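Trainee: okay, structure incoming, though there's no sequence with it:
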């Protein structure tokens, strides 16, 4: 079985469109997730989120500044760089049109595991910074 760090790394790469993977191999069926821009529940919503990010961003590079696990949790500190080349859906009825701008986003993800899969996660980043980079001056 894979380490919790490896599972979290693959999950983050898949979420930002850097890897195509069956979410059922990384997440429990009843997974819940939170970030400043979205809350998800279940495998279908996880897959939809990855698909939305894949449409919104291209030339995605994710770099890990730290990756660790303690007990039933794994932690990742990351930096993502990407080009905003498609609509970024913020919620139903609200989206940011593609700008072509290059964005950088630093953050941290904390994941709780059950039987080797992510059962819940929380991702922290500065959402205002992301929106300001996309919207520009």
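Mentor: Sure, I can see it. Quick caveat: nothing in here was measured; it's all calculated off a predicted structure.

Trainee: for the worst-scoring helix or strand of the chain on mean pLDDT, which positions count as buried?
Mentor: Of all helical and strand segments in the chain, the minimum by mean pLDDT, DSSP states H and E falls on strand 88-91, at a mean of 79. Of the residues in strand 88-91, those buried under the neighbour-count criterion (16 or more other CB atoms under 10 Å) are 88, 89. All C-beta spots, glycine's among them, are computed from the backbone N, C-alpha and C.

Trainee: elements contacting it?
Mentor: In this structure, strand 88-91 packs against helix 43-56, strand 94-96, with contacts taken as 3 or more CB pairs under 8 Å, 6 or more residues apart in numbering; DSSP states H and E.

Trainee: which positions in the longest one come out as buried?
Mentor: Going by neighbour count (16+ other CB under 10 Å), the buried part of helix 43-56 is 43, 45, 46, 47, 49, 50, 52, 53, 54, 56.

Trainee: nearest to residue 35, of these?
Mentor: Set against residue 35, the nearest of the buried residues of helix 43-56 by CB to CB is residue 49 (9.1 Å).

Trainee: how near is that closest one to residue 41?
Mentor: Computed as CB to CB, to the nearest Å, the residue 49 to residue 41 distance reads 11 Å.

Trainee: okay, and the common contacts of these two?
Mentor: The overlap between the contact sets of residue 49 and residue 41 (CB atoms under 8 Å, 6 or more residues apart in numbering) consists of residue 33.

Trainee: alright, calling it a day.
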